[in-house]
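> can't give you the sequence, but here's the structure:
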Ligand code: PHE
């Protein structure tokens, strides 16, 4: 039979259960256990009607009081648990640095190409393009390299079909530019080129930047001045240059330009083969036969042209001794630039 002790015991139990509740789910379980439709306290309240009349008022009052107190306590506990949850939400250190997002960046070869093109763009050149799968005519014939000319062996050519090659240099863009433009003109043409070659300094695909300037009275002094400015902007103002006689069928005279070694400054080291000089490009005055091929009058127009290897310049600038590293796509390597 229910008496005051039963209620007292129930009160202690119920309040302890509220105290122990860790979250909203726990609290709901406590509520159901005591105040639910079949809850312990609910059962007691229902059974009051069956009590002897002298006990009814006392037990009834106590039980109802307990119900009120328990409801209040549950409400208070719920409020407290919600508050703690909100506190946790704002418990963030706003001064912490954000999570870094890895940023992509340009491949070192692209970086060097953009840098070199920018130097010539500042000097009034504009960008020209041409196809990588090229006609024999543009890659050789129009550049004064006829069939059976020994200069065809200077570059091991990939043939696609009779009369169609993978361009072995960017010089065919000279022809395409002159065919579509009237002189005077100044163009710079970056792009991929292909040669059947592979070792620590050669890959079958590499990049060149071609330059062509056509105007009246262009002199060899213009060529030397222009390329000296380029070398000093690319490798630093203390860089010295020298020009050696060379041969290209599409320029006359032809030269190769060396810069003072970027590693030893000219004293001689492993990179420059103890000469103090590094070859970085080929150049020359546009051959009259090239002008004839595009319908420019050779007595009226003069021009200078040059072609440089981007990988070689990137290797010298970044101190890289194996060209193949550029194309193996190891992030550890690429992330350094
Ligand atoms: N096309 C030549 C090469 O690939 C370089 C060059 C370009 C030389 C223009 C002279 C003038 O070797």
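Arrived safely, thanks for sending. These figures come from a predicted structure and were not determined experimentally.
> and the closest residue to residue 312 other than its chain neighbours, which of the three is it?
Excluding the flanking residues, the one nearest residue 312 by C-beta to C-beta, 6 or more residues apart in numbering is residue 280, at 6.5 Å. For the C-beta atoms, the positions are set from N, CA and C on the backbone; glycine is no exception. Here residue 280 is strand, with the state taken from DSSP: H, G, I helix; E, B strand; the rest coil.
> gap between residue 280 and residue 258?
Distance, residue 280 to residue 258, by C-beta to C-beta, to the nearest Å: 7 Å.
> what does residue 107 give?
Distance, residue 107 to residue 258, using C-beta to C-beta: 27 Å.
> repeat for residue 146
Distance of residue 146 to residue 258, computed by C-beta to C-beta: 30 Å.
> which element is the closest residue to the ligand within the chain on?
Ranking the residues of the chain by distance to the ligand (C-beta to the nearest ligand atom) places residue 307 first, at 2.7 Å. For residue 307, the host element (DSSP states H and E) is strand 302-309.
> Check which element follows that strand along the chain.
Next helix or strand after strand 302-309 toward the C-terminus (DSSP H and E): helix 310-318.
> touching the ligand at all, that next one?
No. Judged by C-beta under 6 Å from any ligand atom, helix 310-318 and the ligand are separated, with a smallest distance of 11.3 Å.
> Am I right that residue 248 is in contact with residue 256?
No. Taking contacts as C-beta atoms under 8 Å, residue 248 lies outside contact range of residue 256: 9.4 Å.
> what sits in contact with each of those two?
residue 282 (C-beta atoms under 8 Å, 6 or more residues apart in numbering).
> So between those two, which is more surrounded?
residue 248 (23 against 17; other C-beta atoms under 10 Å).
> Could you list everything that one pairs with in the sheet?
residue 251 (DSSP bridges).
> Need the pLDDT of it.
Looking at residue 248, its pLDDT stands at 95.
> how about the nearest residue to residue 194, chain neighbours excluded?
Distance criterion C-beta to C-beta, 6+ apart; nearest residue to residue 194, sequence neighbours excluded, is residue 166 at 3.8 Å.
> do you know how far the one you found is from residue 281?
From residue 166 to residue 281 the distance is 21 Å (C-beta to C-beta).
> and if you look at residue 69?
Noted for residue 69: a distance of 94 Å to residue 281, by C-beta to C-beta.
> quick one, which of these two is more surrounded?
Higher neighbour count among residue 69 and residue 281: residue 281, with 21 against 13, using other C-beta under 10 Å.
> Would you agree the more buried one is in contact with residue 310?
No. Using C-beta under 8 Å, residue 281 is not in contact with residue 310; the gap is 10.5 Å.
> ok, now which ones touch residue 184?
With contact set as C-beta under 8 Å, 6+ apart, residue 184 has these partners: 213-216.
> all strands in this structure, in order from the N-terminus.
Shown for the chain, the strands assigned by DSSP state E span residues 126-127, 133-135, 159-161, 164-166, 185-194, 205-215, 241-248, 251-260, 277-286, 302-309.
> Name all residues that make contact with the closest residue to residue 36 other than its chain neighbours.
For residue 36, ignoring the flanking residues on the chain, the nearest one in space by C-beta to C-beta, 6+ apart is residue 42 at 6.6 Å. The neighbours of residue 42, taking C-beta under 8 Å, 6+ apart as the test, are 34-36.
> Out of those residues, which end up buried?
Buried by 16 or more other C-beta atoms under 10 Å: 34-35, out of the contacts of residue 42.
> So which of the contacts of residue 42 are in helices?
Judged by DSSP state H, the contacts of residue 42 include 34-35 as members of helices.
> Which residues of the stretch 51-200 of the chain lie near the ligand?
Taking C-beta under 6 Å from any ligand atom as the contact definition, the stretch 51-200 of the chain meets the ligand at 169, 171.
> what residue ranges in the stretch 51-200 of the chain score low on pLDDT?
Low-confidence segments of the stretch 51-200 of the chain, defined by pLDDT under 70: 154.
> Look up the pLDDT of the residue lying closest to residue 325 once chain neighbours are set aside for me, please.
Leaving aside its sequence neighbours, residue 325 sits nearest to residue 333 (C-beta to C-beta, 6+ apart; 5.4 Å). Per-residue pLDDT puts residue 333 at 93.
> quick one: residue 333 and residue 327 touch, right?
No. If you go by C-beta under 8 Å, residue 333 and residue 327 don't touch, sitting 10.3 Å apart.
> Break the protein down into its structural domains.
As recorded under automatic domain parsing, the domains making up the chain are 4-90, 108-334.
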